[in-house]
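My questions are about this predicted structure, shown below with the sequence.
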Amino acid sequence: MGGRGNWVMESEMNMPKRIRVIVNPSAHSGRVGKALRRAHLLEARPEGVRLEWVESRSAEHYRELVRQAQADEIDVLGLAGGDGTVALALSALNGPNRVPIGLLPVGSGNDFAIDLRIPRALPRAFDLLTSGETRWVDLGRAEPGGDRYCCVGAVGLDELALRIIHGSRLPRCKALNIYATLRALWVYRPRLVRVEWESGVFEGEVMFVAVTNTRGYGGGFMVSPAARLDDGLLNLCIVRRTGRLHLIRNFPRIFKGTHDEMPEVTLATSPWVRLTGLDGPLPVALDGELPRLTTPIELRCEPRALQVIAPGVP
């Protein structure tokens, strides 16, 4: 008995680590493959690792690949893409994932990866797939509907900016996000909304309301600089109605996360946030995608809902 047990243990220890990486070819405006080739990752053959690369053909095929990976005998599921790719994977998971997810941040927005401290250099991020530690992090969930998000749920200015971004022929990038936000701001009319959270209520006109899981979104807009991925809370940022020129002048503060002392800004934390449009339903955008949901809506934190591969705690 003892000898057989030792044989099984040794066999398992000698088995190669099996890693499957799903490539989302539409991420970063179709530039993912080029980024992976430039980093020489597609030819990588790490010692002691059985590595598989799989390319999705569509959004639904991507979801099928994510679901299949959770059923297969693999050790790590790598996702090559950005925040939109993570959100797409979340739409395939009904609950906590069995196979931990590792990120290769090659999207136009990588805010989730940044908060996980995933290196921006792809070879170093790739190394984490084999050497990183497993940890559980929070997600946001929208009800009704149950849609999950990794970074942000928002109403207001984001809706117009996202329509400009998705309607542009330019590849998605931080510069396009900034341009779209400023252009949207110039024509935006404040929305009348009621915001409820655990310790407060706000009613009035807003420039935007962001309910974040991460510190930033949109490729680096640091609207919630104190946010953490493992605190069981969402971070709320309300920017009340203010003049366009005033907001444009203070735009760098929102981008850098130094806007907390602006009188029109409210920052709070809560396990849930309810949003209600007081003049009718308002579009709600999740993780930089075009709005599919509307108010009234409740955004809730799902504590320890996603298992990821990340650097060890410093």
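Arrived safely, thanks for sending. Quick caveat: nothing in here was measured; it's all calculated off a predicted structure. Residues are numbered from 1 along each chain as shown.

I figured residue 277 was touching residue 297, is that so?
No: the criterion here is CB atoms under 8 Å, and residue 277 misses it with residue 297 at 9.4 Å. Backbone N, C-alpha and C define where each C-beta goes, glycine included.

Who has more neighbours out of those two?
Shown here are residue 277 and residue 297; by other CB atoms under 10 Å, residue 297 has more neighbours (22 against 18).

ok, and the closest non-adjacent residue to residue 294?
If the residues on either side of it in the chain are set aside, residue 294 comes closest to residue 281, at 3.9 Å by CB to CB, 6 or more residues apart in numbering.

all helices of the stretch 1-150 of the chain, in order?
With DSSP state H, counting those that start in this stretch as the criterion, the stretch 1-150 of the chain has helices at 2-14, 32-38, 59-71, 83-90, 111-115, 122-131.

Can I get these in CSV including distance to residue 240 and mean neighbour count?
CSV is the format used below for those (distance: least, CB to CB, whole Å; neighbours: other CB atoms under 10 Å):
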stretch, distance to residue 240, mean neighbour count
helix 2-14, 58, 9
helix 32-38, 39, 16
helix 59-71, 36, 16
helix 83-90, 27, 26
helix 111-115, 24, 25
helix 122-131, 39, 18
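
In TSV: those helices, plus mean pLDDT and distance to residue 169.
Below are those laid out as TSV (pLDDT from 0 to 100; distance: least, CB to CB, whole Å):
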stretch	mean pLDDT	distance to residue 169
helix 2-14	44	52
helix 32-38	74	18
helix 59-71	95	21
helix 83-90	94	18
helix 111-115	96	24
helix 122-131	92	26
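
So for residue 302, which of the ones you listed sits nearest?
Between residue 302 and those, the shortest separation by CB to CB is 10.1 Å, and it involves helix 83-90.

Can you give me the domain boundaries for this structure?
Listed by automatic domain parsing, the domain ranges of the chain are 2-131, 148-303.
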